[in-house]
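**Q** got a predicted structure plus its sequence, pasted below:
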Amino acid sequence: MGKSTEHSRDRLALLLGLTLTLVALGLLGTLIPIWNRVGPIKLAKGLSIQWGSVKFGLVVAAILLAPAGFLLAVLRWQKGIVAVNVEVMVILCVILLSIVSVVNSRYYYREDWTRVGRYGLSDQTIQALETDLKDQLTITVLASPYDLIPPRYQRMLLGPDGYTYLRQILKEYQAYSGKVDVVPLDPDEDVEKIAELFKKLDIKERPALIIQYKDKHEEIPLDAIAEAAGNPYSPEPGATQRKLKVEEAVTGAIMKLTEEKPTELCFTTGHGEKNPENYEADGLSNIRKQLEKVNYKTRTIDLTKESIPNDAVLVVAGPQKVKFQDVEVEAIRNFLKKDMGRLLLLVDPVSETGAECGLAGLLQDYDVTLRQDATVVTLSLNRMMQPVLTTQARAYCDETAADNDIVSKLRDYAFGFLQACCLETQPTTPGQPPKSEFKATRILKVAERLKIEGGKGIKGAWGETDLKEGQELRFNSDKGDIAPPLTVGVVVQPATPKPPNSYMPAPPPGEKPPGPRIVVIGDSDFASNRFAKDRPSNVALFSNCVAWLAAKKGKLGIPPKDIDTRRIDLDAITGPWRGLWILLFVVVAPTMVGIVLGAIVWVLRRK
């Protein structure tokens, strides 16, 4: 009788404790949605408390009070002490998990393990968020999974996977910077909010994204973040893919909003230079489009008729056949003498242009020797062990310039050059003061080793000073050929920056430092359309050169890349093996996994 009564009381106490717990949780579940709509509680003038703190305190109180009936009931029996220990451990675990949750919500680390960096932000985006973003920025999402992406005749939707990627990459912006807010609005449900926003910002047509910063805003249409790539008329499954450009569009908009005005790039004309408006293989239209996305403005300039704007970056892109006149050279020299003079010179060898560019004397003033007479050639052996000579070369970052902002993020990349000329700099002695007021630093080199037999090179790269078509070439130092490593990229800046004083204060962060800056690269073809499409590293190199010259730290680094959405298409598996592959992945593989796991559990239980 006694044991039966004791068991009945135990069951009654347990039932009472569970009932009180369920009632407390039910009340909390009812009140939390209401609290989410209530603002802060004002206790006194200038003093208030957020509802989030109140909710956390009430949840902890409910966890402590809900089992009160259970504790009071069981303390009358010998097992009460065990029950108290269990309750205390549960409470301590809840408190510990709450603390961990609060800390994790404020301090965390995110890592993208996908092969192409699908869910990570690029270096350029991170630089922009760290350097340029000073105030709160709001990104309003108006895109829908059912929106048709251009070109519309392909009838491809943004789709759930495209929309999910859009939201996911915007979460990365939020996670990296506390100054980014993302507000998703449904075009079908949030009609009133969208109409009010359109009226406030004077927007006529629904974009995919609206980015607001201070009193400015940018509209990003759907074709800027997604496009259908491929052949829509091909009968092959998967011939058309969805290409997503979310990060590129958002980062470009942030740069436009955070800068007061675009940076002007002036491309010289009149000497056969590559034109930024030319869409052919030898043009620079792809580079121009990339630069305009991050708030650069490009135009051509005739130095015989126009003066160079003080705040511009002058670009000389591969003069061909026509030398610069003395008046033009003097205009460039006077421009560089100004504290803000900036020059990007892309020059080709005489073997390609047929004449010197006429800027060698100007570069000598900055301790750079232009060797247009020396063409970089590479001699290698093919599969038949026969020597093959080519003027195409791969350039790498010079390890001595690893801290230079242009190449610091590109050290693991190679750059394709079609026909490059050599550059030389004045040697410096470590520990000795510079010989001039300017410092020339090598940033790019062609480092193929040169193998010499019988006094002549038979394999490797060198600077050839007598390049003729059909001629059998061998390295010959007696004729002035240059041995590797070969320098093909140089930067020039003041050796000792001018110290700020009361008459010349230090420039604010983000503004150009005083003193001229020059970048010289021994090839102009690396930036042309034929290379810009297939070699993103070449585009990144050109973009970093311009950003370094313009002192735009937020635009340095590796730019965002396009993301292709791909799926496993079983219809693409054709032939007699199709049924076998489907059977293997759908039936055999899951069955084998179950058998292996079952065997492991059986062995562990036997032990």
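**A** Structure's in. What do you need? Values in this document were obtained by computation on a predicted structure and should not be read as measured data. Numbers count the residues shown, from 1 in each chain.
**Q** hey, C-alpha coordinates of the helix or strand containing Glu328 in CSV?
**A** Using DSSP states H and E, Glu328 maps to helix 326-337. C-alpha atoms of helix 326-337 as CSV (Å, rounded to 0.1, in the frame of the first residue of the first chain):
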residue,chain,number,x,y,z
ASP,A,326,57.5,67.5,-78.0
VAL,A,327,54.6,69.7,-77.0
GLU,A,328,52.7,66.6,-75.9
VAL,A,329,55.7,65.2,-73.9
GLU,A,330,56.0,68.6,-72.2
ALA,A,331,52.3,68.6,-71.3
ILE,A,332,52.7,65.2,-69.7
ARG,A,333,55.8,66.3,-67.9
ASN,A,334,54.1,69.4,-66.5
PHE,A,335,51.1,67.3,-65.4
LEU,A,336,53.4,65.0,-63.5
LYS,A,337,55.2,67.8,-61.8
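**Q** what's the first helix or strand after that helix?
**A** strand 342-346.
**Q** what angle do the helix holding Glu328 and strand 342-346 make?
**A** Helix 326-337 runs at 130 degrees relative to strand 342-346, counting by axes from the mean of the first three to the mean of the last three CA atoms, to 10 degrees.
**Q** show me what helix 326-337 is packed against.
**A** strand 342-346, helix 360-364 (3 or more CB pairs under 8 Å, 6 or more residues apart in numbering; DSSP states H and E). Where you see a C-beta, it was placed from the backbone N, CA and C, and this is true even at glycine.
**Q** mind listing what's buried in it?
**A** Within helix 326-337, the residues that count as buried by 16 or more other CB atoms under 10 Å are 328-329, 331-332, 335-336.
**Q** same check, this time on stretch 281-289
**A** 283-288.
**Q** what does stretch 314-322 give?
**A** Under 16+ other CB under 10 Å, the buried positions of stretch 314-322 are 314-320.
**Q** show me the shaky parts of the stretch 151-300 of the chain.
**A** The stretch 151-300 of the chain contains residues with pLDDT under 70 at 151-155, 229-242.
**Q** what about the helices in it?
**A** All helices of the stretch 151-300 of the chain, identified by DSSP state H, counting those that start in this stretch, fall at 159-176, 191-201, 246-258, 285-293.
**Q** contact partners for Ala401?
**A** Counting by CB atoms under 8 Å, 6 or more residues apart in numbering, Ala401 makes contact with 407, 441-443, 491.
**Q** which one of these is nearest to Thr138?
**A** Val407 (35.4 Å; CB to CB).
**Q** one step back: name the member of the contacts of Ala401 with the most neighbours.
**A** For the contacts of Ala401, the largest number of neighbours (other CB atoms under 10 Å) sits with Ile443, at 27 neighbours.
**Q** what backbone torsions are found at that one?
**A** Phi and psi for Ile443, reported as degrees, to the nearest 10, are phi -120, psi -20.
**Q** please apply the same query to Leu96.
**A** phi -60, psi -50.
**Q** also Val586?
**A** phi -90, psi -30.
**Q** confidence score at it?
**A** Note for Val586: predicted pLDDT of 72.
**Q** cool, the one 3 residues further on as well?
**A** Per-residue confidence at Ala589 stands at 81 (pLDDT).
**Q** now it: which helix or strand?
**A** Going by DSSP H and E, Ala589 is in helix 589-606.
**Q** show me what contacts Ala281?
**A** Taking CB under 8 Å, 6+ apart, one finds 528-530 in contact with Ala281.
**Q** ok, it to Phe531 distance?
**A** Noted for Ala281: a distance of 9 Å to Phe531, by CB to CB, to the nearest Å.
**Q** again with Leu265
**A** 19 Å.
**Q** neighbour count: these two, which is higher?
**A** Neighbours per residue (other CB under 10 Å) separate Leu265 from Phe531, with Leu265 holding more: 25 against 22.
**Q** so what pairs up with that one in the strands?
**A** Thr298, Val313 (DSSP bridges).
**Q** now do the same contact list for it.
**A** Residues near Leu265 by CB under 8 Å, 6+ apart: 276, 291, 296-299, 312-313, 315, 546.
**Q** ok, Phe438 - how many residues close by?
**A** By other CB under 10 Å, 20 other residues sit near Phe438.
**Q** how about Pro160?
**A** Neighbours around Pro160, by other CB under 10 Å: 10.
**Q** how close does the closest residue in space to it that isn't next to it in sequence sit to Phe542?
**A** Of all residues not flanking Pro160 in the chain, Pro145 sits nearest, at 5.0 Å (CB to CB, 6 or more residues apart in numbering). Going from Pro145 to Phe542 by CB to CB gives 36 Å.
**Q** with neighbour numbers in mind, choose between the two.
**A** Higher neighbour count among Pro145 and Phe542: Phe542, with 25 against 13, using other CB under 10 Å.
**Q** not counting its neighbours along the chain, what's nearest the more buried one?
**A** Ala527 (4.7 Å).
**Q** and the one you found, what is it in contact with?
**A** 274, 284, 287, 317, 346, 538-539, 542.
**Q** thought Leu379 was touching Leu389?
**A** Yes - applying CB atoms under 8 Å, one finds Leu379 in contact with Leu389, separated by 5.1 Å.
**Q** out of those two, which sits in the busier spot?
**A** More crowded of Leu379 and Leu389, by other CB under 10 Å: Leu379, with 21 against 14.
**Q** neighbours of the residue lying closest to Tyr213 once chain neighbours are set aside, how many?
**A** Spatial nearest neighbour of Tyr213, chain neighbours left out: Leu257 (4.0 Å); criterion: CB to CB, 6+ apart. When neighbours are defined as other CB under 10 Å, Leu257 has 19 of them.
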